[in-house]
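>>> Predicted structure and sequence below. I'll ask about it afterward.
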Amino acid sequence: MATITLYADRINQIPSTIRSLKTNVEAYRGNVDDLRISVVAIDSSICNLDEVIRSLRASSDTQEEKAAALETIAGDTETFIGAVTEIDEEAAEAITSSKEDFYDDYYYLKPDSEKTDWEVWRDNACEWCRDHWKEIAITAVIIIGAIITIVVVIATGGLALVPLLTALGMSAATAATVSMVIGAAAIVFAGLSAIVNVVDVWNPLEGGWKTVQSFLNWGNLICGGLYNIGCIYNSLHGITASQLRTFGEALKNPDFVKALKGAQSFRSLFREFGGMGKNSSMLWSGLKQGQTTATEIATNASRVSLNSVWESVVNNSGLSKEAIAALDAMDPTWSMRSVAYVLESSGGVNAYLGQLTGTVASNGHLIGDVFINYERIVAPLNSHISGLTMMSEAGSAWSATSMFTNIANTFSYGGFVRTFGGVSAVSNTVALLEKLREIVFN
């Protein structure tokens with residue numbers, strides 16, 4: 001604020017005070033003139049007052065000059081005050097600007113009285129953060145770990161453990177159930193343990209609440225940790241969340257679930273007697289009548305089809321005709337055997353698809369139903385399969401294609417190649433380490 005502004009009331013009174021003095025002088029002059037006129041009226045024979053009259057006239061003239069001078073002084077004073085006020089305001093503005101520039105460079109020297117409400121709040125917040133940085137850091141880690149677990153479970157449809165469990169020999173249907181139960185438990189424990197741990201950071205828990213915290217942390221470690229391990233396994237083997245979600249959508253189909261359950265009866269047979277080797281498996285569908293048979297394709301491509309693998313099982317397993325007939329009766333559509341075949345395949349797998357694959361036959365049957373609704377969905381979840389190559393007809397030969405599309409353009413599907421999911425592996429490892437930290441430090 002300008003200095004003149006602080007004393008404006010007093011300074012502005014100066015011209016009015018001078019003019020008040022001028023008024024008094026003019027009044028005095030008027031009184032002198034009245035006296036002089038009265039003196040003139042006195043008879044000179046009684047008393048000679050010429051000298052007094054001259055003195056009064058001179059005094060009147062002097063008072064008139066003083067009044068004029070006072071008016072000039074008042075005007076000059078107003079001009080002076082205006083000039084000084086303007087200069088003072090400019091100086092104040094320059095000083096304020098310089099002060100702001102100074103505080104911009106040396107903010108820590110700025111007194112609280114000079115700060116805005118926002119600056120005071122911000123400084124208090126920063127000071128609070130400096131005093132509680134450890135609590136803030138731990139809270140952030142706890143929340144991030146819980147968010148990672150919850151997001152990952154939702155993104156993978158709760159099915160992240162399916163590839164690992166099926167690789168260990170568990171039925172795909174059972175693996176899906178176990179994975180979803182553990183995934184749901186992981187979400188519950190992650191959320192609840194995060195809440196109690198954050199509360200404990202800011203207001204240490206005692207008594208029974210400490211027991212509750214320990215229970216939730218162990219539940220989070222076991223359920224969330226297992227699920228994170230499944231996610232890490234998938235990342236290392238290139239199994240994506242999208243592939244898991246596709247599998248999850250297929251689980252809504254009762255026939256698909258039935259095929260998963262029944263496939264377990266065939267897996268051990270294929271593993272022991274099927275003669276399946278790495279990079280030898282082939283899938284096929286949609287071949288026209290009279291076209292090259294799957295057996296011929298397998299021979300030309302040095303690969304084995306499901307037909308030849310099942311024939312090997314029948315010839316080498318020593319199963320009775322009744323047992324074979326029972327298996328055939330259990331799986332009339334070959335969907336169970338197809339799922340088992342895919343789960344026992346390894347290395348690179350080729351899919352030979354005729355141009356009719358994905359179209360509907362005159363009898364209402366979907367051509368290539370087993371490949372479309374079973375094999376292609378299960379294949380990505382088998383971590384032992386390094387990739388699925390789509391083989392399309394090219395005249396009388398077959399050629400690899402990145403995306404197969406049938407002649408009716410009603411079906412389109414691409415193969416896959418495993419790629420390492422580094423980001424997912426790291427994020428799930430962080431979440432797992434956070435769960436271990438909760439157990440160790442709580």
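Received, thanks. Numbering: from 1, shown residues only.

>>> For the rest of this, base every contact and every neighbour count on C-alpha atoms.
Will do.

>>> Not counting residues beside it along the chain, what's closest to residue 246?
Distances taken as CA to CA, 6 or more residues apart in numbering place residue 377 nearest to residue 246, at 6.8 Å, with adjacent residues excluded.

>>> quick one: that neighbour and residue 248 touch, right?
No - assessed by CA atoms under 8 Å, residue 377 is found out of contact with residue 248, at 9.6 Å.

>>> re the thing from before, the residue nearest to residue 246 falls within a helix, correct?
Yes - assessed by DSSP: H, G, I helix; E, B strand; the rest coil, residue 377 belongs to a helix.

>>> tell me the contacts of it?
Applying CA atoms under 8 Å, 6 or more residues apart in numbering to residue 377 gives the contacts 243, 246-247, 250.

>>> And the strands in the stretch 301-442 of the chain, which stretches?
Remark: strands assigned in the stretch 301-442 of the chain by DSSP state E, counting those that start in this stretch are 347-353, 385-394, 397-401, 403-405, 412-414, 416-417.

>>> So for the fourth one, mean pLDDT?
Confidence over strand 403-405, taken as the mean pLDDT, stands at 83.

>>> tell me which residues of that strand are tucked away?
Buried residues in strand 403-405, defined by neighbour count with 16 or more other CA atoms under 10 Å: 404-405.

>>> can you map out the strands along the stretch 151-300 of the chain?
Applying DSSP E, counting those that start in this stretch to the stretch 151-300 of the chain gives strands spanning 282-285.

>>> Quick one: mean pLDDT for stretch 72-86?
For stretch 72-86, mean pLDDT rounds to 71.

>>> With only the CA atoms kept, save that stretch in CSV.
This file holds the C-alpha atoms of stretch 72-86, laid out as CSV (Å, rounded to 0.1, in the frame of the first residue of the first chain):
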residue,chain,number,x,y,z
THR,A,72,-2.3,30.4,-4.2
ILE,A,73,-0.7,28.3,-1.5
ALA,A,74,-3.9,26.1,-1.2
GLY,A,75,-3.9,25.5,-5.0
ASP,A,76,-0.2,24.8,-5.1
THR,A,77,-0.6,22.4,-2.1
GLU,A,78,-3.3,20.5,-4.0
THR,A,79,-1.1,20.2,-7.0
PHE,A,80,1.8,19.1,-4.9
ILE,A,81,-0.3,16.5,-3.0
GLY,A,82,-1.6,15.1,-6.4
ALA,A,83,2.0,14.8,-7.8
VAL,A,84,3.3,13.3,-4.6
THR,A,85,0.4,10.8,-4.5
GLU,A,86,1.0,9.7,-8.0
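
>>> Name the residues of it that are buried.
Judged by neighbour count using 16+ other CA under 10 Å, the buried positions of stretch 72-86 are 74, 77-78, 81, 85.

>>> what's the closest of those residues to residue 257?
residue 85 (91.3 Å; CA to CA).

>>> What mean pLDDT does stretch 229-246 get?
Stretch 229-246 shows a mean pLDDT of 90.

>>> Report the backbone C-alpha coordinates of that stretch in PDB.
Coordinates of the C-alpha atoms in stretch 229-246 are reproduced here as PDB (Å, rounded to 0.1, in the frame of the first residue of the first chain):
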ATOM      1  CA  ILE A 229       1.700 -66.600  -9.000                       C
ATOM      2  CA  GLY A 230      -0.800 -67.800 -11.600                       C
ATOM      3  CA  CYS A 231      -0.500 -64.400 -13.300                       C
ATOM      4  CA  ILE A 232       3.300 -64.500 -13.200                       C
ATOM      5  CA  TYR A 233       3.200 -67.900 -14.700                       C
ATOM      6  CA  ASN A 234       0.900 -66.700 -17.500                       C
ATOM      7  CA  SER A 235       3.100 -63.700 -18.100                       C
ATOM      8  CA  LEU A 236       6.200 -65.900 -18.400                       C
ATOM      9  CA  HIS A 237       4.400 -68.200 -20.900                       C
ATOM     10  CA  GLY A 238       2.700 -65.400 -22.900                       C
ATOM     11  CA  ILE A 239      -0.900 -66.300 -21.900                       C
ATOM     12  CA  THR A 240      -2.900 -63.100 -22.100                       C
ATOM     13  CA  ALA A 241      -5.900 -61.800 -20.200                       C
ATOM     14  CA  SER A 242      -7.900 -61.600 -23.400                       C
ATOM     15  CA  GLN A 243      -7.400 -65.400 -23.900                       C
ATOM     16  CA  LEU A 244      -8.500 -66.100 -20.400                       C
ATOM     17  CA  ARG A 245     -11.600 -63.900 -20.800                       C
ATOM     18  CA  THR A 246     -12.500 -65.800 -24.000                       C
END
